[in-house]
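Participant: I'd like to go over a predicted model; first the sequence, then the structure.
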Protein chains: 2
Amino acid sequence: MGSSDRPSILGRSVPAEVSIYEVGPRDGLQNESAVVPTEGKLKLIGALADAGLKRIEVTSFVSPKWIPPLADSREVASSLEARPGVVWSALVPNAKGLEGAVAARMEEVAVFMSASETHNKKNINKTIEETFAAFAEVIGPARDAGMRVRGYVSVVWGCPYEGAVDPLRAREVADTLLQMGCYQVSLGDTIGVGTPGQTERIMGAMLEEIPAEKLALHFHDTRGTALANALVGLAYGITTLDASVGGLGGCPYAPGASGNLATEDLVYMLDGLGVRHGVDLEKLVAAGELAQELVGHELPGRYLKAHLGARLKKGSA
Amino acid sequence: MGSSDRPSILGRSVPAEVSIYEVGPRDGLQNESAVVPTEGKLKLIGALADAGLKRIEVTSFVSPKWIPPLADSREVASSLEARPGVVWSALVPNAKGLEGAVAARMEEVAVFMSASETHNKKNINKTIEETFAAFAEVIGPARDAGMRVRGYVSVVWGCPYEGAVDPLRAREVADTLLQMGCYQVSLGDTIGVGTPGQTERIMGAMLEEIPAEKLALHFHDTRGTALANALVGLAYGITTLDASVGGLGGCPYAPGASGNLATEDLVYMLDGLGVRHGVDLEKLVAAGELAQELVGHELPGRYLKAHLGARLKKGSA
């Protein structure tokens, strides 16, 4: 086959294969008001793995007081059976959270902080420097326990308190996390303000210092720009994209809902580009339908809505 | 200013200025189940012009039996007062429709057909060749009456009956409409199946024969890809994009709703790229809020939802 068969956009090649990091059971459910029973969570996680997703963030080992919908993190994590080629991951805010992940024998954990001082302070009650110090007690021990550690850097595209965020400052934070032992850092547009031109500038700044394969992108579709931003990321060689089944976590009925990029929308665009991802879109829609039932309302993902709507229409015709 | 200040994406320059062709009052309301009273329509059209939109499709001169929500087309069109720099346009399916547009002294009319034989037959009950013959009785007389004529070509990205559509066939249809006297042809992804890679292939085929300024793009956000597709179109030099306030016409509660690209989402992305468009986003949101009230349900546009949600949140805090 000639080079014209390699996936590209606007004259730039995009990766032939990408990895989707599914955050629905954690980032999604964490932002839903409904508390899904443990059994429902396990069913959802199973359905996501059945759809071919290989990296799934299943819960967060934070204090139940902070995030009541994920209060059953230990039960969820310890109930998961190993699946060949599938990595279960969990968010851990601190050394205590890590204990839970170790007890549940997670293969991977993730730490999270912000690119802006104010958001970091409001979100985890530490300065950025204090956060690095605290992570030293998590990243090293996690690796010693045989786990991979992923890092999240929030509000890279904009901070609700500080506004614009300097991409060089965000890069410094990401770079420090990599140097501390994270295998990958996921850059987040936490409040969904990013636009493609901005994504291009951020990619340019990041890739001067950090190889593309060490980065993931985590977009929220709050203003409809998530897929366009993801497309720009792909053109810069990014090979991991975070997404949430059905856009779980972006409840359309909640004021100011932030809305994760829906996994189905991403898969649909990747299919159109000819980029491999290993996910079965039909089975993913089934997982999305299950997620809707579990949270008790329609999810915002566009592809899911169109697909389920078309099925309804057929059924009624 | 250096060349680095010119808007670009992925190394390709995009137009410094684009024109947004607003289809909410026509394509939007036509697909809503609610019938908005004439007075409400006039208020909405006024609010869109207040927001800075210069090209607004206000109604469709079709038989009231076909499209009950637009049965008041004559009343709407004849009630509109001229505004400096603003062009009101109306859809006309045939010579009879043109009479209504002439009587209402429209400056512009639009004709519509499909790139696929089956969709054309199902939609307007004519073959493509028969449609050209019928348009000969509309385009010439409309121009003789001093009107500009716009053409729409539907289902260019895919047909609900035939599936894939040959871009060369779509180009032939578009080219014929231009040769017949249309000043611009809007290429539609009527069922919202388009992806960026496909948009690139369609643009490549079109621009071999047709200058970019003769084309407009009309995306539906059914599967979330509208903005990413629009971004690709911009990189190919397209200077007119169709959009619908709030995504009007894509009712989230209607099964299989097709969902126009929301004007606010487009404006937000253009702002991020530094592309001028002349629209005031705050005023556009006000028009979107009005549109929601008129149709009696929440509209699917993401930016609108985020903006109104944030306002609610502030109000309740």
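Facilitator: Done, it's in.
Participant: just the helices in chain A please.
Facilitator: Using DSSP state H, the helices assigned to chain A run over residues A:29-30, A:38-50, A:73-79, A:95-103, A:117-124, A:128-144, A:167-179, A:196-207, A:226-235, A:263-273, A:281-295, A:302-316.
Participant: output these as CSV; include the columns mean pLDDT and distance to B:T176.
Facilitator: Heads up, the C-betas are built off the backbone N, CA and C, glycines and all. CSV is the format used below for the helices of chain A (pLDDT from 0 to 100; distance: least, Cβ to Cβ, whole Å):
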stretch, mean pLDDT, distance to B:T176
helix A:29-30, 92, 53
helix A:38-50, 98, 48
helix A:73-79, 96, 60
helix A:95-103, 95, 64
helix A:117-124, 94, 55
helix A:128-144, 97, 61
helix A:167-179, 98, 48
helix A:196-207, 98, 34
helix A:226-235, 98, 32
helix A:263-273, 98, 28
helix A:281-295, 97, 37
helix A:302-316, 74, 31
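Participant: hey, which of those helices is tucked in deepest?
Facilitator: helix A:226-235 (a mean of 28; mean count of other Cβ atoms under 10 Å in any protein chain shown).
Participant: now check it, is it near chain B?
Facilitator: Yes - Helix A:226-235 is in contact with chain B by Cβ under 8 Å from any Cβ of the partner chain, via A:226-228, A:230-232, A:235.
Participant: who in the stretch 101-250 of chain A is up against chain B?
Facilitator: So the stretch 101-250 of chain A meets chain B at A:192, A:194-198, A:200, A:221-228, A:230-232, A:235 (Cβ under 8 Å from any Cβ).
Participant: residue in the stretch 201-317 of chain A nearest to chain B?
Facilitator: Taking Cβ to the nearest Cβ, chain B has its nearest neighbour within the stretch 201-317 of chain A at A:G272, 2.5 Å off.
Participant: next, the contact list for the closest residue to that residue other than its chain neighbours, please.
Facilitator: Residue nearest to A:G272 in three dimensions, not counting chain neighbours: B:T195, with 2.5 Å by Cβ to Cβ, 6 or more residues apart in numbering or on different chains. Contacts for B:T195 were tallied using Cβ atoms under 8 Å, 6 or more residues apart in numbering or on different chains; they are A:268-269, A:271-273, B:225, B:228-229.
Participant: equivalent analysis for A:Q292, please.
Facilitator: Contacts of A:Q292 (Cβ under 8 Å, 6+ apart): A:246, A:298-299, A:304.
Participant: correct me if wrong: A:V245 contacts A:V285.
Facilitator: No - judged on Cβ atoms under 8 Å, A:V245 makes no contact with A:V285 at a distance of 9.3 Å.
Participant: ends of stretch A:120-137, how far apart?
Facilitator: End-to-end span of stretch A:120-137 (Cα to Cα, to the nearest Å): 18 Å.
Participant: which residues sit against it?
Facilitator: Contacts of stretch A:120-137 (Cβ under 8 Å, 6+ apart): A:93-95, A:111-114, A:117, A:154, A:161, A:173, A:176-177, A:180.
Participant: let's see 7 Å
Facilitator: Residues outside stretch A:120-137 that contact it (Cβ atoms under 7 Å, 6 or more residues apart in numbering or on different chains) are A:93-95, A:111, A:113-114, A:117, A:161, A:173, A:176, A:180.
Participant: likewise for stretch A:50-63?
Facilitator: Taking Cβ under 7 Å, 6+ apart as the rule, stretch A:50-63 contacts A:19-23, A:25-27, A:30, A:45, A:48-49, A:67, A:70, A:73, A:76-77, A:80, A:85-93, A:97, A:100-101, A:110, A:278-280, A:283-284, A:287.
Participant: end-to-end on that stretch?
Facilitator: OK, stretch A:50-63 end separation, Cα to Cα: 30 Å.
Participant: chain center to it, what's the gap?
Facilitator: What separates the centre of stretch A:50-63 from the centre of its chain is 9 Å, taken as Cα atoms, centre = their mean, to the nearest Å.
Participant: stretch A:35-47 now?
Facilitator: Here stretch A:35-47 shows a centroid-to-chain-centroid distance of 18 Å under the convention Cα atoms, centre = their mean.
Participant: start and end of stretch A:288-305, how far apart?
Facilitator: 10 Å.
Participant: if I pick the residue of the stretch 201-317 of chain A closest to chain B, what's in contact with it?
Facilitator: With contacts defined as Cβ under 7 Å, 6+ apart, A:G272 is in contact with B:195-198.
Participant: let's see that with 8 Å instead.
Facilitator: B:194-198, B:225.
Participant: most surrounded residue in the contacts of A:Q292?
Facilitator: A:G246 (32 neighbours; other Cβ atoms under 10 Å in any protein chain shown).
Participant: tell me the predicted confidence for that one.
Facilitator: Per-residue confidence (pLDDT) for A:G246: 95.
Participant: now A:S4
Facilitator: pLDDT, A:S4: 53.
Participant: repeat for A:A257
Facilitator: For A:A257, the model assigns a pLDDT of 50.
Participant: also the one 3 residues further on?
Facilitator: Looking at A:N260, its pLDDT reads 93.
Participant: do the same with A:G192
Facilitator: At A:G192, pLDDT is 94.
Participant: hmm, it is touching A:H220, no?
Facilitator: Yes - using Cβ under 8 Å, A:G192 is in contact with A:H220, at 3.4 Å.
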